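In: Give me a model of this one.
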Amino acid sequence: MSEVYELAKRAKQSAYFIANKNSKEKNKVLSDIAEEILNNIDVILVENNKDCEKAIKNGISQSMLDRLRLDEKRIKDIVKSIYEVISINDPIGEVIFGYNLPNGLNLINIRVPFGVIGIIYEARPNVTIDSAVLCLKAGSSVILRGSSHALNTNIKLVEIMRKALLKNNFPEDLITIIPTDSREDVKELMSLRQFVDVLIPRGGAGLIESVIKNSKIPVIETGIGNCHIYIDEVYNLSEKQIIDIIINSKTQRPSVCNAVEKLLIHNSVVSKIAAPVLAALKDKGVLIKGCERILKLFDGIILVNEEDWYKEYLDLIIAIKIVDSLDEAIIHINKYGSHHSDSIITSSYENAKIFSYNVDSSTVYVNASTRFTDGGQFGMGAEIGISTQKLHWRGPMSLGQLTTNKFIVTGNGQIRE
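Out: So this is what the prediction gives:
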């Protein structure tokens, strides 16, 4: 059998072990993982520098390089997120609902582990730690397959975490990594339904589409973020507040999935708000694309094409469109958006309600930045990703969403007539 087959088989065997461990035991392991990472910062950075140097030679984009690069602060932030997971209540065994049936049967529905979770992701080493820690706390083993860009970093991080597992007499195969950049290994992983219970892809549209198309294992989509802000025809926020929302959404960290990529402006307020917004974006070095209508009004804008409306730029680029109604904005967002996070700036309660209920996204904002779509920001703790699909869960996926459920029915001799 192949290395990937054997790796997945061992992960499945280890899953039975972790499913029966209590919160105290799991939290002790997580605490030791945090300690081992802190004790090995210098070693991690050596491996990460190797990856970054190689990626630069291969022409990686600045936004992807930003995701790949670690420094001492980022590693300490990762460790902080581990302690946040430790502080969150363990979802395993939680009673979701329960009741007594007329025939005397007692029924409860509880949270249980998935078993084995596969994570396929791009050049973000923090995902290696986040995924492993969340899956362990949720009672599952995890198989990791990161980007080839971060291979050295990821292998070292997994080595460190496995050391903490062994220290606590936990099977080291609770955390495994496919240690190659072979696409054939990924394809094989996606076929091993007898061992892997669910796959979660984290990355760009190409990666996600590839996993959905080729996986024989159920997939939870953590989608791309083609996020929108719509400036309505009526608003009571100040010019500064509107600019702050847009600049924060676009430039605070343009390489993440909850950064805004598109701006829609109602035609009746273009003359009032567009010029200062465009100036602020340009001051931040944002490349501005736009529809023909806005090109006629302002200089320094590149004509947008049809493909642009679908794009997640992950960079200092934004596309702007003038619309004639709230309905047009909603139709545009639902057609071109990725169902991730979209925001309306308005003072109309009715328009806010229409937008919130009709924009088909996991998260809708009223008068706020899109950058808050995050498990930690929502008070849910660290997350595995943002799900944009409709089955199982939508939005940030934290501990509770990394579980499934089952019914336990207790009787005293009942039979069905």
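In: Of all the residues in stretch 388-402, which ones are buried?
Out: 388, 393, 394, 395, 396, 397, 398, 399, 400, 401, 402 (16 or more other CB atoms under 10 Å). Where you see a C-beta, it was placed from the backbone N, CA and C, and this is true even at glycine.
In: typed the wrong thing, it's stretch 248-265
Out: Neighbour counts over stretch 248-265 (16+ other CB under 10 Å) mark 248-251, 254-265 as buried.
In: need the strands for the stretch 1-150 of the chain, in chain order.
Out: 95-100, 106-113, 116-121, 141-145 (DSSP state E, counting those that start in this stretch).
In: and of those strands, who's closest to residue 82?
Out: Nearest of these to residue 82, taken as CB to CB: strand 141-145 at 14.3 Å.
In: who are the neighbours of the closest one, in terms of helices and strands?
Out: Using 3 or more CB pairs under 8 Å, 6 or more residues apart in numbering; DSSP states H and E, the elements in contact with strand 141-145 are helix 3-18, strand 116-121, helix 125-137, strand 175-177, helix 183-189.
In: Residue 338 and residue 102, how far apart?
Out: Using CB to CB, to the nearest Å, residue 338 is found at 46 Å from residue 102.
In: Between those two, point out the one with more neighbours.
Out: Taking other CB atoms under 10 Å, residue 338 and residue 102 do not tie; residue 338 has more neighbours (25 against 5).
In: That one contacts residue 221, correct?
Out: No: counting by CB atoms under 8 Å, residue 338 sits too far from residue 221 to count as a contact (9.8 Å).
In: picking up where we left off before, distance to residue 106, secondary structure and pLDDT for the buried residues of stretch 388-402 - can I get that in TSV?
Out: Formatted as TSV, those follow (distance: CB to CB, whole Å; DSSP: H, G, I helix; E, B strand; the rest coil; pLDDT from 0 to 100):
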residue	distance to residue 106	secondary structure	pLDDT
388	37	coil	90
393	28	coil	91
394	31	coil	92
395	33	strand	93
396	33	strand	92
397	31	strand	91
398	30	coil	89
399	27	helix	92
400	24	helix	91
401	27	helix	93
402	27	helix	95
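In: Turn the helices and strands packed on strand 141-145 into TSV, columns for distance to residue 307.
Out: Listed next are these as TSV, based on distance: least, CB to CB, whole Å:
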stretch	distance to residue 307
helix 3-18	36
strand 116-121	25
helix 125-137	28
strand 175-177	35
helix 183-189	26
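In: closest to residue 52 out of those?
Out: Closest of the helices and strands packed on strand 141-145 to residue 52 is helix 125-137, at 10.4 Å (criterion: CB to CB).
In: helices or strands up against that closest one?
Out: Counting by 3+ CB pairs under 8 Å, 6+ apart, helix 125-137 packs on helix 23-39, helix 72-87, strand 116-121, strand 141-145, helix 151-167, strand 175-177.
In: Tell me where the stretch 151-300 of the chain has helices.
Out: Secondary structure of the stretch 151-300 of the chain (DSSP state H, counting those that start in this stretch): helices located at 151-167, 183-189, 205-214, 239-251, 275-283, 292-295.
In: pLDDT of the fourth one, averaged?
Out: The average pLDDT for helix 239-251 rounds to 98.
In: same check, this time on the third one
Out: On average, the pLDDT along helix 205-214 is 89.
In: What is the neighbour count of the closest residue to residue 144 other than its chain neighbours?
Out: Residue nearest to residue 144 in three dimensions, not counting chain neighbours: residue 177, with 4.4 Å by CB to CB, 6 or more residues apart in numbering. A count of neighbours around residue 177, defined by other CB under 10 Å, yields 22.
In: Kindly report the same for residue 231.
Out: 25.
In: Equivalent analysis for the one 5 residues further on, please.
Out: Using other CB under 10 Å, residue 236 is surrounded by 10 other residues.
In: returning to what we had before: mind putting the helices and strands packed on strand 141-145 in CSV, mean pLDDT included?
Out: Formatted as CSV, the helices and strands packed on strand 141-145 follow (pLDDT from 0 to 100):
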stretch, mean pLDDT
helix 3-18, 96
strand 116-121, 96
helix 125-137, 95
strand 175-177, 98
helix 183-189, 94
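In: closest to residue 417 out of those?
Out: Using CB to CB, the nearest of the helices and strands packed on strand 141-145 to residue 417 is helix 3-18, at 36.9 Å.
In: what's the closest one packed up against?
Out: Short answer (3+ CB pairs under 8 Å, 6+ apart): helix 3-18 packs on strand 116-121, strand 141-145, strand 175-177, helix 183-189.
In: please redo it, this time with the cut-off set to 10 Å
Out: On a contact count with 3 or more CB pairs under 10 Å, 6 or more residues apart in numbering; DSSP states H and E, helix 3-18 meets helix 23-39, strand 106-113, strand 116-121, helix 125-137, strand 141-145, strand 175-177, helix 183-189.
In: what's the spacing between the residue nearest to residue 210 when sequence neighbours are not counted and residue 218?
Out: Among residues not flanking residue 210 along the chain, residue 201 sits closest, at 7.9 Å (CB to CB, 6+ apart). According to CB to CB, residue 201 and residue 218 sit 12 Å apart.
In: for residue 403, same thing?
Out: Noted for residue 403: a distance of 14 Å to residue 218, by CB to CB.
In: So for those two, which sits in the more crowded spot?
Out: residue 403 (20 against 14).
In: what's that one in contact with, if anything?
Out: Contacts here follow CB atoms under 10 Å, 6 or more residues apart in numbering; on that basis residue 403 touches 90-94, 96, 110-114, 138-140.
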